[in-house]
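Visitor: structure for this input, please:
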Amino acid sequence: MITTFGGGVGAGKFLEGLYSQDYLEELNIIVNTADDIDIYDVRVSPDIDSILYWLSGKVDRRKGWGIKGDTFNHLNERKNNDSWFNLGDLDLAENLRKKHFMSKGLTLQEVVNKQRKKLKIKKAKIFPMCNEEVETFVGTRRKKIHFQEYLIKYKMKPKIDSVTFKNIRKSHPSKGVIEKINKSKLIIFCPSNPIISIGPILSVPGIRKAVKDSRAIKVAISPIVGDKAFKGPVLNFMKAKGFLPSVLGVASFYKDLVDYLMIDNKDKEYEKKIKVLGIVPIFKDIRMTKREVSIRMAKSILELIDR
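Guide: The predicted structure follows:
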């Protein structure tokens, strides 16, 4: 059994490569839901939606998110300050369908399972980290704002003073998540933002302990190459939480959690310092500009099971 953690474009690209492999293991994907937001009369789960679209082949590969060929007519009709969140028409329809099922009493986990089946994703199970509503808020000099506002509305410009996960202490792991972690042979942390994609999942009560106690081989993949992140405000959040904005900062975040850290061939200078943290570096081309790169990364990690 293989269990992965992640959210965002980096996770989607890597999981597409992993999903393509003819592994015999059960694949479980635990996804961040602290990016979720109430907007346009629906509750949107951007990370879950992205994973669903990447694995089903529906994703807009040029952007790395959303549905290919989508239109934005509903946003054009709004034409006001509340239309800053880029949700396409097809994407909105998916979220309206989700809203309908949840209004009938289904949990987020149950609805995601319905979506997975509808999109014919057969070789993997997808779990929201929890069913409770958890949201990431970014403290800036002026006020606290939702992470999506920071990312899109304010274009990542405000200086980050704090990061909080609203309602996280009242959350519980989705049904079956702890069991999957306990039974896994291999645990993979996707190349996602450690602070705001992986951090919320590990903050759900019980999940970090389950990972630490697991006898699985544990591997993380760096979302940073050199001094640049794959996408998004990874470096901003690393610095805000006291981590170096580099591969070494990523290694420090995962200290005591993983056995291996996959980093790019360009970052061999960090080898000794990473080993001092008790982590074995794996060197690979991890800049996922092509699908073949994520496939090679996945194959390399799967080989660890047979060592």
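Visitor: OK, contacts around Glu132?
Guide: Neighbouring residues of Glu132 by C-beta atoms under 8 Å, 6 or more residues apart in numbering: Asn167, Lys170, Ser171, His172. Any C-beta I mention is one placed from the backbone N, CA and C, and that applies to glycine too.
Visitor: does Pro281 touch Val258 like I think?
Guide: No: using C-beta atoms under 8 Å, Pro281 makes no contact with Val258, being 10.9 Å away.
Visitor: re earlier: list just the nearest of the contacts of Glu132 to Lys290.
Guide: Lys290 lies nearest to Ser171 out of the contacts of Glu132, by C-beta to C-beta, at 36.8 Å.
Visitor: tally of neighbours for the residue nearest to Ala240 when sequence neighbours are not counted?
Guide: Using C-beta to C-beta, 6 or more residues apart in numbering and skipping the chain neighbours, the partner closest in space to Ala240 is Ile160 (3.9 Å). Ile160 has 18 neighbouring residues, counting by other C-beta atoms under 10 Å.
Visitor: got the contact list for Ile160?
Guide: So Ile160 contacts Val138, Gly139, Thr140, Tyr150, Asn236, Phe237, Lys239, Ala240 (C-beta under 8 Å, 6+ apart).
Visitor: hmm, Lys155 and the fifth one touching each other?
Guide: The reference is to Asn236. No: contact criterion C-beta under 8 Å: Asn236 and Lys155 do not qualify, at 11.6 Å.
Visitor: more crowded one of those two?
Guide: The residue with more neighbours, out of Asn236 and Lys155, is Asn236; 21 against 10, by other C-beta under 10 Å.
Visitor: measure the more buried one to Leu186 for me?
Guide: As judged by C-beta to C-beta, to the nearest Å, Asn236 and Leu186 stand 31 Å apart.
Visitor: same check, this time on Asp47
Guide: 21 Å.
Visitor: same check on Ile37?
Guide: Using C-beta to C-beta, we find Ile37 at a distance of 32 Å from Leu186.
Visitor: more neighbours: Asp47 and Leu186, which one.
Guide: Under the criterion of other C-beta under 10 Å, the comparison of Asp47 against Leu186 puts Asp47 first, with 27 against 20.
Visitor: in its sheet, what does the helix or strand containing Met262 sit against?
Guide: Assigned by DSSP states H and E, Met262 belongs to strand 260-264. Strand 260-264 pairs in its sheet with strand 217-221 (parallel), strand 280-284 (parallel), by DSSP bridges.
Visitor: which is the next helix or strand following that strand?
Guide: Following strand 260-264 in sequence order, the next helix or strand is helix 271-276 (DSSP H and E).
Visitor: returning to what we had before: buried ones in the strand holding Met262?
Guide: Buried residues in strand 260-264, counted by 16 or more other C-beta atoms under 10 Å: Tyr260, Leu261, Met262, Ile263, Asp264.
Visitor: can you list contacts of that strand?
Guide: Contacts for strand 260-264 (C-beta under 8 Å, 6+ apart): 217-222, 225-226, 247, 250-251, 254, 270, 274, 279-287, 297, 300-301, 304.
Visitor: swap the cut-off to 7 Å and go again
Guide: Strand 260-264 is touched from outside by 219-222, 225, 247, 250-251, 254, 270, 274, 279-287, 297, 301, 304, with contacts defined as C-beta atoms under 7 Å, 6 or more residues apart in numbering.
Visitor: turn the buried ones among the residues you listed into a named PyMOL selection, would you?
Guide: Selecting the buried subset of the contacts of strand 260-264 in PyMOL, with 16+ other C-beta under 10 Å as the burial test, is done by:
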select buried, resi 219+220+221+222+225+247+250+251+254+270+274+279+281+282+284+286+297+301+304
